[in-house]
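Novice: Okay, here's the prediction I keep looking at, along with the sequence it came from:
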Amino acid sequence: MNISKTEYLFRKPTKDDGAPVYELVKHIGNLDLNSSYSYLMWCEIFADTSIVVISKETQKVVGFISGFIHPEKTDTLFIWQVAVHESERGNGLATRMLLQLLERTTCGEVHYVEATVSPSNEPSKRLFFGLARKFNTNWKVSDYFTAEDFPQTGHENELLYKIGPLRK
């Protein structure tokens with residue numbers, strides 16, 4: 001495990017974070033990069049269910065989770081993207097972001113976390129299985145999107161991970 005002395009600021013994103021979040025996701029390279037406009041909108045409209053992490057040392061965005069309360073399942077927080085700069089990996093930053101999101105008033109009625117994860121994404125699998133262990137709860141993985149559902153070739157299947165019920 002990478003032991004870092006870096007201190008972090010965890011907070012709701014603002015539209016001013018849209019561009020740095022876009023650059024973070026672009027830099028990471030293995031996440032689906034959405035348009036810069038979408039990150040501006042995400043940081044503005046879905047701020048209550050998303051989080052940014054700022055390194056107090058560099059004052060740069062080093063972590064981001066985008067999420068939303070599922071419109072058809074109001075007890076479910078759907079996690080869209082999890083991004084952690086490689087310089088900060090191994091410090092449990094993704095888990096800390098997710099736990100802080102779940103502590104927010106907005107997530108008071110959330111009892112499940114869902115996310116889609118491609119089969120090769122080992123860090124995300126560890127994150128969500130780790131969340132299930134932390135809450136001593138169930139997890140289920142099921143088919144969701146197939147590679148053929150995507151307009152471009154080369155995209156992996158996306159499996160749906162469902163964690164819960166969470167006992168907070």
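Specialist: Nice, thanks for sending it over.

Novice: Met97 contacts Ile65, doesn't it?
Specialist: Yes. With contact defined as Cβ atoms under 8 Å, Met97 counts as touching Ile65 (4.8 Å). (Glycine included, C-beta is placed from N, CA and C.)

Novice: Give the residues shared as contacts by those two.
Specialist: 51, 82 (Cβ atoms under 8 Å, 6 or more residues apart in numbering).

Novice: what's next to the longest helix along the chain, contact-wise?
Specialist: Taking DSSP state H as the criterion, the chain has its longest helix at helix 122-134. For helix 122-134, contacts defined as Cβ under 8 Å, 6+ apart pick out 82, 89, 94-95, 98-99, 113, 115, 117-118, 138-139, 161, 163.

Novice: residues touching Ile28, list them.
Specialist: 83-86.

Novice: thinking again about what came up before, which of the contacts of helix 122-134 are buried?
Specialist: In terms of neighbour count (16 or more other Cβ atoms under 10 Å), the buried residues within the contacts of helix 122-134 are 82, 89, 94-95, 98, 113, 115, 117-118, 161, 163.

Novice: For Phe10, see how far away the closest residue to Leu166 other than its chain neighbours is.
Specialist: Setting aside the residues directly before and after it, Leu166 is nearest to Phe135 in space (Cβ to Cβ, 6 or more residues apart in numbering), at 4.9 Å. Separation of Phe135 from Phe10 (Cβ to Cβ, to the nearest Å): 19 Å.
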